[in-house]
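> task: produce atomic coordinates for the following.
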Amino acid sequence: MEQSKKERLKKIVSYAGTALMLVSLGFIGRRLFGYLTAEDFDRSFLSSSMVIMGLLGVALVEGLGIFLAGINFRSLVRNVSGIPTEPTLAVTVYTGANLYKYIPGGVLYVAGRNRLAVETEGLGHGKVAFATVVEGALIAVAAILVAVLNAFDHTVNYLRYLDALPIIGIIVAIVILSVIPVIYIFRHRISTSWKYLTANMEELTFSVIFKRFGFALLLMALWGGSFAATLALLGQSMTLGLVSTVVGLFILSWVAGFLTPGAPSGLGIREAVMLMFMGGIVDGGLLIVAMIIHRVLTVIGDLIAYGIALAYRQLALKN
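Below you'll find the model as predicted:
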């Protein structure tokens, strides 16, 4: 009886996943159509086959990055739970759930990962959710580090020019003072949840955390580098110093979109921050076109990642 309930649950989750995937593809199609038909979208680059091939290469690299992130997430789930998940299942669920981020609300792509708990014996939903939190925290810290190392001087000088540093300090102080009382009020519940989540975490050693953090740094550098490559392919003259600044500012804008609740894939937030900080160091018109094209390449990269995961799973089933 218990086994039949589990099988029914797996079928329900599978059907729900298929439905969400179809909805995601609908939103992705609408997003791509909106990007490609925008009035400020310069299509002159389409006349160069070399530029098109280069941009497709950027999309492929982004897709490979998401696929590798799925492998990294599988390892992280094992680290926090002590339970190994089937490799092809893990990357398929991860890359598939990654497409849900285009559904308004910005939470379904996280919830979609919990299919791993349904499909894997003994793996709790809390452990998958905790692995997601750990991954998000490592990525956020890595992104901030990359942004600071690459574009600290430019960002601070710009904020000082706008007299925004005191305002930012006040906002940070308000956030900290707001969080402390919440932690104190719910300290017992937080303590109980923490004990559950940290059980069976013998594999989550300092060296493992360092390794996962190293992967997050590489992922951030890859994403920032992909935008710099997009600018260069579209005709922006680049120096080593400018590449470093562009990577840092792009990651800074990505963090702003990542931390903004309710924005699907940081839509709008990332672009606003990029225009604010990057508009004075690269060609303004080219920057707008690059932002649109890079968004398109990111969407294509997400689809490529899911395609690679499906191919990987089919290849494993044949063997």
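> surely Val243 meets Ala228?
Yes: between Val243 and Ala228 there is a contact under Cβ atoms under 8 Å: 4.9 Å. Glycine gets a C-beta too; all of them are placed from N, C-alpha and C.
> number of nearby residues for Ser226?
Neighbours of Ser226 under the rule other Cβ atoms under 10 Å: 22.
> what's the host helix or strand of Val134 packed up against?
Using DSSP states H and E, Val134 sits within helix 125-161. Counting contacts by 3 or more Cβ pairs under 8 Å, 6 or more residues apart in numbering; DSSP states H and E, helix 125-161 is packed against helix 49-81, helix 115-119, helix 165-185, helix 187-197, helix 206-233, helix 240-258, helix 269-278.
> among these, where is the model least confident on average?
Of all the helices and strands packed on helix 125-161, mean pLDDT reaches its minimum on helix 187-197 (a mean of 61).
> which regions of the stretch 1-150 of the chain lie under the pLDDT threshold?
Applying pLDDT under 70 to the stretch 1-150 of the chain flags residues 1-47, 104-106.
> so between Val243 and Ala228, which is more surrounded?
Of the pair Val243 and Ala228, Ala228 is the one with more neighbours under other Cβ under 10 Å, namely 23 against 17.
> which ones are touching that one?
Applying Cβ atoms under 8 Å, 6 or more residues apart in numbering to Ala228 gives the contacts Met238, Val243, Val246, Val247, Phe250.
> mind putting these in a markdown table, distance to Arg212 included?
Converted to a markdown table, the contacts of Ala228 look like this (distance: Cβ to Cβ, whole Å):
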| residue | distance to Arg212 |
| --- | --- |
| Met238 | 31 |
| Val243 | 26 |
| Val246 | 26 |
| Val247 | 21 |
| Phe250 | 22 |
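> from these, which two are the most distant?
Farthest-apart pair in those is Met238 and Phe250; separation 13.1 Å (Cβ to Cβ).
> neighbour count winner among these two?
Shown here are Met238 and Phe250; by other Cβ under 10 Å, Phe250 has more neighbours (32 against 13).
> quick one: the more buried one and Val273 touch, right?
No: using Cβ under 8 Å, Phe250 makes no contact with Val273, being 9.3 Å away.
> so which of the contacts of Ala228 is the closest to Val58?
Comparing the contacts of Ala228 against Val58 with Cβ to Cβ places Phe250 closest, at 12.9 Å.
> so how far is Gly307 from the nearest residue to Tyr312 once chain neighbours are set aside?
Leaving aside its chain neighbours, Tyr312 sits nearest to Thr88 (5.7 Å; criterion: Cβ to Cβ, 6 or more residues apart in numbering). To Gly307, Thr88 is 14 Å away according to Cβ to Cβ, to the nearest Å.
> neighbour count: these two, which is higher?
The residue with more neighbours, out of Thr88 and Gly307, is Thr88; 18 against 13, by other Cβ under 10 Å.
> how about the contacts made by the more buried one?
Neighbouring residues of Thr88 by Cβ under 8 Å, 6+ apart: Ala309, Tyr312, Arg313, Ala316, Leu317.
> for PyMOL, write the selection for the buried entries among these.
Those of these that count as buried under 16 or more other Cβ atoms under 10 Å are selected in PyMOL with:
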select buried, resi 309+312+313
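> in CSV, list the contacts of Thr88 along with distance to Gly54, pLDDT and secondary structure.
Putting the contacts of Thr88 into CSV (distance: Cβ to Cβ, whole Å; pLDDT from 0 to 100; DSSP: H, G, I helix; E, B strand; the rest coil) gives the following:
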residue, distance to Gly54, pLDDT, secondary structure
Ala309, 25, 94, helix
Tyr312, 26, 91, helix
Arg313, 30, 89, helix
Ala316, 32, 84, helix
Leu317, 34, 79, helix
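> Thr132: which of the contacts of Thr88 is nearest?
Distance ranking of these against Thr132, using Cβ to Cβ, places Ala309 first at 17.5 Å.
> name the element the residue nearest to Tyr312 belongs to?
Element membership for Thr88 (DSSP H and E) is helix 87-98.
> buried set for that helix?
Buried residues in helix 87-98 (16+ other Cβ under 10 Å): Thr88, Leu89, Ala90, Val91, Thr92, Val93, Tyr94, Thr95, Gly96, Ala97, Asn98.
> can you pull the contacts of the last one?
With contacts defined as Cβ under 8 Å, 6+ apart, the neighbours of Asn98 are Ile66, Gly70, Tyr109, Asp302, Ala305, Tyr306.
> burial count for the first one?
Just to be clear, that refers to Ile66. Ile66: 24 surrounding residues under other Cβ under 10 Å.
> that one against Leu303, yeah?
No: using Cβ under 8 Å, Ile66 is not in contact with Leu303, being 9.8 Å away.
> re the thing from before, turn the helices and strands packed on helix 125-161 into TSV, columns for distance to Val289.
Converted to TSV, these look like this (distance: least, Cβ to Cβ, whole Å):
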stretch	distance to Val289
helix 49-81	12
helix 115-119	38
helix 165-185	30
helix 187-197	45
helix 206-233	9
helix 240-258	15
helix 269-278	12
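> before I go, just wanted to say thanks for your time.
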